[in-house]
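# I'll drop the sequence and a predicted model, then ask my questions.
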Amino acid sequence: MPILEMYRKTQERIAEACLRSGRDPGDVMLLAVSKTKPDEAIMELYDAGHRDFGENYVQELRGKHERLPADIRWHMIGHLQRNKVKYIADFVAMIHSVDSPELARTIEKEAAKHDRVIPVLIEVNVAGEETKFGVSPEEAVQLAEVIGTLPHVRLEGLMTSAPPVEDPSANRPVFRELRQLSVDMNLKNHNNYKVDFLSMGMSSDFEVAVEEGSACVRVGTSVFGEREYSRT
Ligand SMILES: *Cc1c(COP(=O)(O)O)cnc(C)c1O
């Protein structure tokens, strides 16, 4: 199926999930996850007006940013090493994967060099999977307090990757828990942050994530087709 058709179908499925749950489709961002995909695939969506793309690997992200139109909003969604922040700090639109105070402080330092404020999300390992990146819900509260003190880093929300499951609704409790955590954190909030932007839902479960309050679904396979090789 052509990419544009898969993209439209994905948009429709998001809109239907919004309808089912009484949400406004305008409140859900479709982040097209373009990792391992060629520039031409990205440009097909770009020419159709799409601007938000997600990447996992710093080198690939930097290269695509340099080659492709400047008004693309690039989101870093993969695990980020501190020594690589400098390669994306001048252009990245949002970092979804902040998982330590040290990483937050490095982002602060690099963002300051470019005189910009970088929007970030805290990656939360809701399901408590051992192999996953991300902090526990308790650590998220502490990390938010740290980020609240950093002038060049703006905390906008939370991100999670739910485990791969056959039945998408099996991940409903994960999405619910992230949403509940955001409600709790907004109530606690000592540093004037609001963690309203929830990045959750992938190809296998994005409709359930939308029903549970996702503000940003990160969809790769359903938009671009299968990736040729796994790099995760
Ligand atoms: C690859 C990836 C996605 C997209 O996965 P699909 O199943 O292809 O939709 C979303 N989020 C993260 C963090 C990823 O690494």
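That came through fine. Computed from a prediction, not measured in an experiment: that's the story for all the values here. Residues are numbered from 1 along each chain as shown.

# contacts, neighbours, all on C-alpha from now
Fine.

# for residue 88, which non-adjacent residue is closest in space?
Nearest-residue entry for residue 88: residue 62, 6.4 Å, with adjacent residues in sequence omitted and distances by CA to CA, 6 or more residues apart in numbering.

# mind listing what's buried in the helix or strand where that neighbour lies?
Taking DSSP states H and E as the criterion, residue 62 maps to helix 58-67. Neighbour-count burial for helix 58-67 flags 58, 61-62, 64-65 (criterion: 16 or more other CA atoms under 10 Å).

# can you tell me how far residue 100 is from the ligand?
17 Å (CA to the nearest ligand atom, to the nearest Å).

# so that residue sits right up against residue 143, yeah?
Yes. Applying CA atoms under 8 Å as the test, residue 100 and residue 143 come out as touching, 6.8 Å apart.

# residues from this structure in reach of the ligand?
Counting by CA under 6 Å from any ligand atom, the chain comes close to the ligand at 33, 56, 77-78, 202-203, 218-221.

# redo that, cut-off 8 Å
Applying CA under 8 Å from any ligand atom, one finds that the chain approaches the ligand through 33, 35, 54-56, 77-78, 160-161, 201-204, 217-223, 225-227, 232.

# in helices only, show me those.
Among these, the ones falling in helices (DSSP state H) are 221-223.

# now those as TSV including pLDDT and neighbour count?
TSV is the format used below for these (pLDDT from 0 to 100; neighbours: other CA atoms under 10 Å):
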residue	pLDDT	neighbour count
221	97	16
222	97	19
223	98	27
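
# and stretch 36-55, end to end?
One end of stretch 36-55 sits 9 Å from the other (CA to CA, to the nearest Å).

# for it, what is the average pLDDT?
Stretch 36-55 carries an average pLDDT of 98.

# try stretch 148-155
96.

# what residues sit buried inside it?
Applying 16+ other CA under 10 Å to stretch 148-155 flags 148, 150, 152-155 as buried.

# narrow these to those in strands?
Counting by DSSP state E, the buried residues of stretch 148-155 place 153-155 in strands.

# quick one: which of these is nearest the ligand?
residue 155 (18.0 Å; CA to the nearest ligand atom).

# point out where the protein drops to low pLDDT.
131, 189-191, 229-232 (pLDDT under 70).

# how about the strands in it?
Using DSSP E, strands in the chain cover 29-33, 52-55, 73-76, 94-98, 118-123, 153-159, 197-199, 216-219.

# what would those strands look like in a markdown table with distance to residue 106?
Shown next, in a markdown table, are the strands of the chain (distance: least, CA to CA, whole Å):
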| stretch | distance to residue 106 |
| --- | --- |
| strand 29-33 | 25 |
| strand 52-55 | 20 |
| strand 73-76 | 15 |
| strand 94-98 | 11 |
| strand 118-123 | 12 |
| strand 153-159 | 10 |
| strand 197-199 | 22 |
| strand 216-219 | 25 |
